[in-house]
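Asks: Mind folding the following:
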Amino acid sequence: MTIDEELNVLETQLRRLKIEYEIFFSNPQKRPPTDVEWKVLTLLRKFSDGGRMSFSQRFRYNEIAQRYAVYSDLWRKKARIREEGYRRPQDAILSVQGVRLEEHEAKHKTYGVRNVAASDGQPFVVHCAEPKAESEQVEKLFQALSEAKKKAGEQVSGSLDSFKSFVEKKTQEIRKQHSCPRVEYSVEVQDGKVKLRARAKV
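Replies: Just a heads-up that it's a prediction; the model follows:
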């Protein structure tokens with residue numbers, strides 16, 4: 001089975017796990033779907049180092065893993081409420097509401113999950129001096145830009161290679177123009193539109 005096929009299986013198992021947990025929380029007689037969750041965790045651990053994956057596969061894996069982390073955090077809260085009973089009005093609301101990714105941030109990282117997108121009004125920032133030698137930084141910047149555009153409903157255009165070439169050229173131009181050691185790149189969302197900004201950094 002190829003990596004892409006296994007990632008397809010992981011996505012399918014995660015969807016099934018979400019449904020199973022919804023059934024579990026709506027039926028007091030049901031047992032938690034630990035067998036399905038074990039399968040999901042096994043696949044997440046298998047690819048956690050990202051060593052055998054291409055950039056696009058790693059990007060897809062991170063999205064799936066982050067989704068699981070958000071779900072897991074909510075399930076843990078709902079399970080605690082189910083065991084201890086409702087102590088506050090908001091607990092009752094939490095026990096029946098669905099998962100909305102934009103409202104529930106996982107408080108822990110899960111198997112290589114990176115929160116790289118601009119969120120809560122805070123821009124994603126990286127510094128580059130020699131982009132060719134800092135390919136991981138440039139990949140994170142590309143990933144953050146792509147994620148932000150997806151969330152904003154904008155089209156993600158261009159490949160990682162073309163983006164790397166752009167960053168290399170832009171970094172050289174700004175460093176030469178301002179005689180600065182590095183360049184600060186930030187992914188920002190303004191008026192609902194995603195912007196990539198480059199600034200000279202001392």
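Asks: Quick one: mean pLDDT over the longest helix along the chain.
Replies: Within the chain, and with DSSP state H defining each element, the longest helix by residue count is helix 55-84. Throughout helix 55-84, pLDDT has a mean value of 83.
Asks: counting contacts, what elements does that helix pack onto?
Replies: Packed against helix 55-84, as judged by 3 or more CB pairs under 8 Å, 6 or more residues apart in numbering; DSSP states H and E, are the following elements: helix 3-26, helix 34-46, helix 89-96, helix 135-152. Any C-beta I mention is one placed from the backbone N, CA and C, and that applies to glycine too.
Asks: now these in a markdown table, with mean neighbour count, distance to residue 170 and mean pLDDT?
Replies: Below are the helices and strands packed on helix 55-84 laid out as a markdown table (neighbours: other CB atoms under 10 Å; distance: least, CB to CB, whole Å; pLDDT from 0 to 100):
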| stretch | mean neighbour count | distance to residue 170 | mean pLDDT |
| --- | --- | --- | --- |
| helix 3-26 | 16 | 32 | 89 |
| helix 34-46 | 16 | 36 | 90 |
| helix 89-96 | 12 | 45 | 47 |
| helix 135-152 | 19 | 11 | 83 |
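Asks: picking that back up, now the longest helix of the chain, how far from the centre of its chain.
Replies: 11 Å (CA atoms, centre = their mean, to the nearest Å).
Asks: Report the buried residues of that helix.
Replies: 57-75, 78, 81 (16 or more other CB atoms under 10 Å).
Asks: Name the next helix or strand downstream of the helix or strand that contains residue 164, please.
Replies: Here residue 164, judged by DSSP states H and E, is contained in helix 160-178. Of the helices and strands lying after helix 160-178 in sequence (DSSP H and E), the nearest is strand 182-190.
Asks: Quick check: can you list the domain ranges of this protein?
Replies: 3-96, 124-201 (automatic domain parsing).
Asks: Double-check that residue 127 belongs to a helix.
Replies: No. Assessed by DSSP: H, G, I helix; E, B strand; the rest coil, residue 127 does not belong to a helix; its assignment is strand.
Asks: That one: what's it in contact with?
Replies: 137, 182, 183, 184, 185, 201 (CB atoms under 8 Å, 6 or more residues apart in numbering).
Asks: got a markdown table for those residues, with distance to residue 145 too?
Replies: Output for those, formatted as a markdown table (distance: CB to CB, whole Å):
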| residue | distance to residue 145 |
| --- | --- |
| 137 | 13 |
| 182 | 19 |
| 183 | 15 |
| 184 | 14 |
| 185 | 9 |
| 201 | 18 |
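Asks: Now residue 197: which helix or strand?
Replies: strand 193-201.
Asks: what packs against that strand?
Replies: Under the contact criterion of 3+ CB pairs under 8 Å, 6+ apart, strand 193-201 touches helix 135-152, helix 160-178, strand 182-190.
Asks: Using CSV, please lay out these together with distance to residue 18.
Replies: Below are the helices and strands packed on strand 193-201 laid out as CSV (distance: least, CB to CB, whole Å):
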stretch, distance to residue 18
helix 135-152, 20
helix 160-178, 30
strand 182-190, 28
